[in-house]
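1. Sequence and predicted structure below; questions after.
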Amino acid sequence: MPTNVTQKDQTLQAVIEWAKTERALAWSHGERAENGFALKWEQGRLSAFDQMIAHCSRMMGYTGSMPLEVENQSEDAK
């Protein structure tokens, strides 16, 4: 499990690269589809990979909001 933004981004980038490779394979299978069902199946796979790639891309980087004020966290604070 990634512990910081950099590790998370590296993990997401690896997933994106895998999905792009799998998408290319699905596209080549779709090009060779001999019937309507096989073509629709591969088109569905392409759509799923496109959605996964877009979702992972949106998750990259820090997307949370930083607090404007942080309460005193020193050991002496009461």
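-> Here it is on my side, so go on. Residues are numbered from 1 along each chain as shown.
2. Next SSE downstream of the longest helix belonging to the chain?
-> Ordering each helix of the chain by length in residues (DSSP state H) puts helix 5-31 first. Next in sequence after helix 5-31, counting helices and strands by DSSP states H and E, comes helix 36-59.
3. Show me what counts as buried in that following helix.
-> 42, 45, 46, 49, 52, 53, 56 (16 or more other C-beta atoms under 10 Å). Placement of C-beta: from N, CA and C, glycine included.
4. now for the longest helix of the chain, which elements pack on it?
-> helix 36-59 (3 or more C-beta pairs under 8 Å, 6 or more residues apart in numbering; DSSP states H and E).
5. which other residues reach the helix it packs on?
-> Helix 36-59 has contacts (C-beta atoms under 8 Å, 6 or more residues apart in numbering) with 8, 12, 15-16, 19-20, 22-23, 26-27, 29-30, 33.
6. Repeat the analysis, applying 10 Å as the threshold.
-> With contact meaning C-beta atoms under 10 Å, 6 or more residues apart in numbering, helix 36-59 is reached by 8-9, 11-33, 35.
7. Then stretch 13-27?
-> 41-57, 59-60.
8. Over to residue 32: give its phi and psi.
-> When read as degrees, to the nearest 10, the backbone of residue 32 gives phi -100, psi 0.
9. give me every residue that touches it.
-> Residue 32 neighbours (C-beta under 10 Å, 6+ apart): 38, 39, 42.
10. Tell me how far the nearest residue to the last one once chain neighbours are set aside lies from residue 59.
-> The shortest distance from residue 42 to any residue other than its chain neighbours is 3.3 Å, reached at residue 30 (C-beta to C-beta, 6 or more residues apart in numbering). If you measure residue 30 against residue 59 using C-beta to C-beta, to the nearest Å, the figure is 27 Å.
11. cool, residue 48 as well?
-> Applying C-beta to C-beta, the value for residue 48 to residue 59 is 17 Å.
12. And residue 29, by the same measure?
-> 28 Å.
13. Show me where the protein dips below the pLDDT cut-off.
-> Scanning the chain for pLDDT under 70 picks out the ranges 1-3, 62-78.
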